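Q: quick one, structure for this:
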Amino acid sequence: MAKKRHPSITLILLSIVVMLAGSAGVALALVKQASVAPSPWLMAIALGLLVAPMGTISVPGVKARIVLGDVVTFACAALFGINAAVIAATVDGAATSLRITKSPLKFFYNVATCAISMTVAGFVASAAFPAFGSSKTQLPLTEFIGAMGLFALCYFLISSILVASFIAASTGEPLIKLWRENFLWASVSYLASGAFAVASYILVGYFGYYVFLAAVGTMLLISLFYRTYFKKVETANTRADSMEELNYNTIEALVSAIGAVGYGIKANVRRVERLTHALAEASGCTEDEMKALRIAAMLHDIGNVAVPQHLLEKPSALTAEEFEKIKLHAGTGARLAKVIGFPSLVAEIIQHHHERFDGSGYPARLHGEEIPLAARVLAVVDCYNALTLDRPYRPRIGHRDALEIIKDHAGSAFDPMLVSKFMEVVVSADEEACKAQSEAIDIEGLQTEFLHHRLNWQAA
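A: Purely as a prediction, here's the structure:
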């Protein structure tokens, strides 16, 4: 049985401060709101309780969710003032937290976060626009949009930072990195909530506060529609991802089969692909470059099918004339990639993965950053993989010795920045890559099978 992990001192202190501040904000809001006519803002709170169980609507393709409870509490801030909104946000936060967590600490922290975020956001918006949230004074529409934009921004920053701080204190992850990777996209949700609040502000001016009755039905319909629609979109995206993975597996199988016949295509296809991905990610490659590299890592030596097999398997050094023939494989591989219909970036990577950083490589003798970044990434990984495999003219080299050779050629054969990044990721990445390779195509088995069939055909 796993040992229960106790909260750290940092987490406990953070939780105490946040819960005390949240309690103070709610208490102050209740005192101030006690003298206000209850029917309109209580109706808004009731609406918040109604939509809280609906949770969120996921938006396919982006890391964002539309939080229906925030839609109501933002509208409450715009129409009934900050105190009513603090109460509504607290009630909505409690209803939502009861559904998503069984931890008392997380429950009270989440509720306090809602109260603090609403209090601070309302204070900032009211300081910049004194009439914001006042039922007595109407802001011009342009000013109200500005006030709501400022309010939504403050609410997003406060709530996301507080939640990220709780996670960081629990896991030990860096706060800024955690917030940037997991919470930045949430700004879309708060933008949607702010837009709904603006719409509510306009409609109430024409139809009165009871427009919220119509809003209940509208939000229910929208929720049902988008849940159904987004579910279909998500299913389609899942199928597309499955087909993409199937294509990668097909490429891997074909490349491994060609290598098994004996065309000099290096083994460890999946290992090269995983190592390339790790280095590309560490080096800041774009998503398109990452996808192209995954294909190019598997196909980069496919042009060897046009090279005489005896040259690929020659146990001694190549002559200058023989090496010129070997060099043709880069261009041939690039043309094959184009004919198959892969993106042009795949062909570009295959074409230039034998360029050298000092300009002495082939086929175009590109220099430095003239070489595409993705091709420079593949060059480092390809060399590392080749050094650690048995070749016809030499036995394999140990991992440490291979890394020393790569370091010695930083600035001449390889981009020094990429070599530095590779040294940072290679240990952990290669361990995972070798594990993945062990689950990949059985190249030795394929080779034995092909040779067996060829011998039988020859005997027949």
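Q: so who does the closest residue in space to K32 that isn't next to it in sequence touch?
A: Nearest residue to K32 in three dimensions, chain neighbours excluded: N83, at 4.6 Å (CB to CB, 6 or more residues apart in numbering). For every residue, glycine as well, the C-beta is placed using N, CA and C. By CB atoms under 8 Å, 6 or more residues apart in numbering, the contact set of N83 is L28, A29, L30, K32, Q33, V36.
Q: hmm, 10 Å instead?
A: By CB atoms under 10 Å, 6 or more residues apart in numbering, the contact list for N83 reads 25-26, 28-34, 36, 41, 76-77, 118-119, 122, 133.
Q: ok, of those residues, which come out buried?
A: By neighbour count, with 16 or more other CB atoms under 10 Å, the contacts of N83 hold G25, V26, A29, Q33, W41, C76, A77, M118, T119, G122, G133 as buried.
Q: quick check, pLDDT for the first one.
A: pLDDT for G25: 90.
Q: that one falls within a strand, correct?
A: No. Judged by DSSP: H, G, I helix; E, B strand; the rest coil, G25 forms no part of a strand; its state is helix.
Q: that one and T119 touch, don't they?
A: Yes. Counting by CB atoms under 10 Å, G25 sits close enough to T119 to count as a contact (4.0 Å).
Q: spit out the residues that contact these two alike.
A: When contacts are counted by CB under 10 Å, 6+ apart, G25 and T119 are jointly contacted by I82, N83, V86, A89, T90.
Q: which of these has the largest number of neighbours?
A: Most neighbours among the shared contacts of G25 and T119, by other CB atoms under 10 Å: A89, with 35 neighbours.
Q: contacts only, for that residue.
A: Applying CB under 10 Å, 6+ apart, we find A89 in contact with 25-26, 29, 45, 48, 69-70, 72-74, 76-77, 82, 111, 113-119, 121-122, 155, 159.
Q: thought A77 was touching V120?
A: No. Under the criterion of CB under 10 Å, A77 is not in contact with V120, lying 11.9 Å apart.
Q: got any residues that touch both of these two?
A: F151, Y155.
Q: show me what contacts S420?
A: S420 touches A282, S283, K407, A410, counting by CB under 10 Å, 6+ apart.
Q: try 8 Å
A: By CB under 8 Å, 6+ apart, the residues touching S420 are A410.
Q: which strand or helix spans it?
A: Counting by DSSP states H and E, the element that carries S420 is helix 416-438.
Q: can you check F144 too?
A: Per DSSP H and E, F144 falls inside helix 141-171.
Q: which strands or helices does that helix pack on?
A: Under the contact criterion of 3 or more CB pairs under 8 Å, 6 or more residues apart in numbering; DSSP states H and E, helix 141-171 touches helix 9-33, helix 68-80, helix 104-128, helix 175-182, helix 187-207.
Q: ok, and what's touching the shortest one?
A: It stands for helix 175-182. Applying CB under 8 Å, 6+ apart, the set of residues contacting helix 175-182 is K63, S160, I161, A164, S165, I167, A168, T171.
Q: the third one now?
A: Outside helix 104-128, the residues that touch it by CB under 8 Å, 6+ apart are 7, 15, 18-19, 21-23, 25-26, 28-29, 73, 77, 81-82, 85-86, 89-90, 92-94, 96-98, 101, 132-133, 147-148, 150-152, 154-155, 158-159, 162-163, 166.
Q: that helix versus helix 141-171: what angle between them?
A: Per axes from the mean of the first three to the mean of the last three CA atoms, to 10 degrees, the angle that helix 104-128 makes with helix 141-171 is 150 degrees.
Q: what residues of helix 104-128 count as buried?
A: Across helix 104-128, burial judged by 16+ other CB under 10 Å covers 106-122, 124-126.
Q: just the shortest one next, same as before
A: By neighbour count, and taking 16+ other CB under 10 Å as the criterion, the buried residues in helix 175-182 are L178, W179.
Q: that one versus helix 141-171: what angle between them?
A: Using the same axes, to 10 degrees: helix 175-182 against helix 141-171 is 120 degrees.
Q: and the average pLDDT for helix 175-182 is what?
A: pLDDT averaged over helix 175-182 gives 81.
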